[in-house]
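Student: the sequence isn't on hand, but the structure is:
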C-alpha cells in the first residue's frame, strides 16, 4: 500500500501557533495514542525519529517523513492535537471511505446539497452527474440509492 | 423482466467532449427493483484513476419496460436564486433515448439541467 508524505498534511492553525510559541516538537500518533511508525521514504523499511522540532522554516517546507495509510494525530506540546487521514480509507470507521459523502455532485455544485428521494429515473435517459474529487483515487466503485422501485 | 439494464460509466471532459474511461458491468437488479436499496458496482477497468480537482461525469443509464422509479438524490438549496448557465456549469446533463453508454459524447448534444440530481457517489476501493 502506498505511503503518504507527511509534508502533504496541512497543519491546523492551532498546531502552528502552539509550535511557534514554544518551538515544541510534534509527535505523530495514531488515534489510539500509540506512537506511529514514521518512515524515511515512500518505500523501504528505514524509519525516522517520530519527533520533529518546528520552526518557521519547517512550516514552509512541511513536516518530514512518510506514513502508511490510516488515521493519525499530530500533537504539539501535549496540548493541541489534530487528527487526519492519509488514505482513501478511514480505518477507524471500517467499511466505506471518508470520501463517500464528498465525491458526489454536492462537492462540485455546493447548492445541490439538500437530500431528496424523488430524483426521477427515465427509461433510456442517461444522466451525467458532475463530480470533482478532492483526493486521488486509483480504483473506485459507484454507489446509488433507489427511492421508489420500478413498476 | 421490468429492468432490462442498469449501467454506470465514468467520463472525463475537455470542456467540449465527454470521453468514457470506465464502465460498470451491466446488471438487471440491485437498483430500482426494490425501494430504498443501496446499489454498488466496481468500475472496469479496476485501475481507473481519478485526480483531485479534475472534473468528471458519472453517467447512469436505466432501461426498463415499465415506469423506471426514482433514486435518492439532491435538490438545490431552497430560498436562494436559482443558478443559471451564466453562473456556472450545470450539476447534470441528460441524453434521452439511449440503450447503452457512448464511448464519447459532445457536450453540445446534451441537455443541461438543474433539476433533481441522482445521489451518485464515488467510493474509493483501493489506496492511492
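Tutor: Nice, I can see it. A quick note: this is a predicted structure, and the numbers were derived from the prediction, not measured.

Student: list the contacts for residue 66?
Tutor: Chain wasn't specified; assuming chain A. Residue A:66 makes contacts with A:3-6, A:38-42, as judged by Cβ atoms under 8 Å, 6 or more residues apart in numbering or on different chains. For every residue, glycine as well, the C-beta is placed using N, CA and C.

Student: sorry, should have said chain B
Tutor: Contacts for residue B:66 were tallied using Cβ under 8 Å, 6+ apart; they are A:150-151, B:2.

Student: export these to JSON lines and tack on distance to residue A:50?
Tutor: Conversion of those to JSON lines gives the following (distance: Cβ to Cβ, whole Å):
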{"residue": "A:150", "distance to residue A:50": "55"}
{"residue": "A:151", "distance to residue A:50": "59"}
{"residue": "B:2", "distance to residue A:50": "58"}
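
Student: which PyMOL command selects the buried ones in the residues you listed?
Tutor: Selecting just the buried residues from these in PyMOL takes one command, with 16 or more other Cβ atoms under 10 Å in any protein chain shown as the test:
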select buried, (chain A and resi 150) or (chain B and resi 2)
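
Student: my guess is residue A:69 contacts residue A:135, does it?
Tutor: No. Counting by Cβ atoms under 8 Å, residue A:69 sits too far from residue A:135 to count as a contact (11.5 Å).

Student: compute the first-to-last residue distance for stretch B:25-37.
Tutor: Start and end residues of stretch B:25-37 are separated by 18 Å (Cα to Cα, to the nearest Å).

Student: does chain A sit close to it?
Tutor: Yes. Counting by Cβ under 8 Å from any Cβ of the partner chain, contacts between stretch B:25-37 and chain A involve B:31-37.

Student: which outside residues touch that stretch?
Tutor: Contacts to stretch B:25-37, defined as Cβ under 8 Å, 6+ apart, come from residues A:117, A:121, A:144-150, B:1-7, B:39-42, B:44, B:62, B:64, B:68-69, B:71.

Student: helices of chain B, residue ranges please.
Tutor: Assigned by DSSP state H, the helices in chain B number zero.

Student: same question for chain A.
Tutor: Here chain A has its helices, by DSSP H, at A:13-22, A:56-61, A:105-108.

Student: hey, which helix or strand in chain A has the poorest pLDDT?
Tutor: Confidence across the helices and strands of chain A bottoms out at helix A:56-61, with a mean of 50, counting by mean pLDDT, DSSP states H and E.

Student: likewise chain B?
Tutor: For chain B, the helix or strand with the lowest mean confidence is strand B:70-76, at a mean of 69 (criterion: mean pLDDT, DSSP H and E).

Student: returning to that earlier point: weakest of the helices of chain A in terms of mean pLDDT?
Tutor: Among these, helix A:56-61 carries the lowest mean pLDDT, a mean of 50.

Student: so residue B:21 touches residue B:10, yeah?
Tutor: Yes. With contact taken as Cβ under 8 Å, residue B:21 and residue B:10 are classed as touching, separated by 5.5 Å.

Student: ranges for the strands of chain A?
Tutor: For chain A, strands defined by DSSP state E occupy the ranges A:4-5, A:25-30, A:52-53, A:66-67, A:71-76, A:80-85, A:112-120, A:126-131, A:140-145.

Student: show me the shaky parts of chain A.
Tutor: Judged against pLDDT under 70, the low-scoring parts of chain A cover residues A:1-2, A:8, A:10, A:18-27, A:29-33, A:52-62, A:77-80, A:86-118, A:134.
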